[in-house]
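Chemist: Return a 3D structure for these sequence lines:
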Amino acid sequence: MNILIVEDESKIAQFLAKGLNESGYQSEIASDGIEALSQLQNQNFDLVILDVMLPKLNGWQVLETLRTFSKIPVLMLTAKDHVLDRVKGLELGADDYLVKPFSYIELLARIKSLLRRVPKPDVESYQIANLRLNRLSHEVFRDHQKIDLTAKEFILLQLLMQHQGEVLTRTQIASLVWNINFETDTNVVDVAIRRLRAKVDDHFNPKLIQTIRGMGYKLDIEE
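Modeler: This is a model prediction of the structure:
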């Protein structure tokens with residue numbers, strides 16, 4: 001994931017870039033509105049962190065122009081905390097709004113939330129290591145060996161493969177696979193993961209389905 005930081009205060013921009021890079025994202029910096037639009041028109045980014053008070057073109061102008069050619073998620077990050085400023089940003093097409101001074105942990109949570117909203121492309125198949133899932137034929141292979149999954153197991157595996165490397169909480173998985181949109185004490189997710197792991201992971205290498213203690217699950221190649 002590549003994030004553009006549009007911020008004219010060098011210390012803040014460098015702080016954000018360092019934090020994002022340490023959190024596993026790529027990031028680039030634009031220090032004014034014109035430079036930001038130039039980068040957005042010529043490079044691919046997954047999200048923009050956009051300050052309002054910028055030289056040359058302010059954040060409102062950048063956002064308004066950006067929305068003429070891109071639907072990329074935009075998180076406004078600014079000291080302008082008046083309600084009308086927030087409303088203006090949202091009306092111009094901002095996806096979220098965070099006021100300075102801010103907590104980096106909160107910023108990171110909002111970034112993850114925005115990136116989860118981005119529609120995944122309707123690709124025909126997904127492959128990670130020697131695990132392959134064909135979305136159209138509903139077939140799963142590991143080491144060229146066909147694996148039979150139930151309908152829910154297939155949906156669960158596809159969800160994990162679509163979000164490779166991302167930690168999905170039990171609540172998110174329950175909502176997206178079983179439409180359980182409330183906190184639940186049942187272990188339906190843990191049982192389903194255990195059954196899926198027995199079919200696609202236990203007898204193969206490398207191990208792919210990882211338990212992230214206290215958080216949830218992710219599918220990735222173990223380091």
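Chemist: where does the chain have its least confident helix or strand?
Modeler: helix 83-92 (a mean of 69; mean pLDDT, DSSP states H and E).
Chemist: Setting aside sequence neighbours, what's the nearest residue to residue 126?
Modeler: Computed as C-beta to C-beta, 6 or more residues apart in numbering, the closest residue to residue 126 that is not its neighbour in sequence is residue 161, at 4.1 Å. Placement of C-beta: from N, CA and C, glycine included.
Chemist: follow-up on the earlier one: in its sheet, which strands sit next to the helix or strand that comes right after the least confident helix or strand of the chain, and in what direction?
Modeler: Sequence order places strand 96-99 as the next helix or strand after helix 83-92, per DSSP states H and E. Strand pairing for strand 96-99, using DSSP bridges, gives strand 74-78 (parallel).
Chemist: Check this structure for me, the residue farthest from its geometric middle.
Modeler: Within the chain, residue 145 marks the point farthest from the mean C-alpha position, 31.1 Å out by C-alpha atoms, centre = their mean.
Chemist: Now do the same for it: its pLDDT.
Modeler: Per-residue pLDDT puts residue 145 at 94.
Chemist: just the one 5 residues further on next, same as before
Modeler: As summarised for this prediction, residue 150 has a pLDDT of 89.
Chemist: Equivalent analysis for residue 97, please.
Modeler: 83.
Chemist: Check residue 111 too.
Modeler: 90.
Chemist: Name the SS class of it, please.
Modeler: helix (DSSP: H, G, I helix; E, B strand; the rest coil).
Chemist: can you pull the contacts of it?
Modeler: Residue 111 sits next to 3, 20, 25, 47, 49, 75 when contact means C-beta atoms under 8 Å, 6 or more residues apart in numbering.
Chemist: In TSV: those, plus neighbour count and pLDDT.
Modeler: Formatted as TSV, the contacts of residue 111 follow (neighbours: other C-beta atoms under 10 Å; pLDDT from 0 to 100):
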residue	neighbour count	pLDDT
3	23	94
20	22	90
25	18	89
47	24	94
49	25	95
75	20	92
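Chemist: Which of the residues you listed fall within strands?
Modeler: 3, 47, 49, 75 (DSSP state E).
Chemist: wait, the last one sits on residue 96?
Modeler: This means residue 75. Yes. Contact criterion C-beta atoms under 8 Å: residue 75 and residue 96 qualify, at 4.7 Å.
Chemist: Overlap of the contact sets of those two?
Modeler: By C-beta under 8 Å, 6+ apart, the residues touching both residue 75 and residue 96 are 110, 114.
Chemist: Would you map the strands across this protein?
Modeler: So, for the chain - with DSSP E - the strands run 2-6, 26-30, 47-50, 74-78, 96-99, 125-128, 131-134, 139-142, 145-147, 168-169, 209-212, 216-219.
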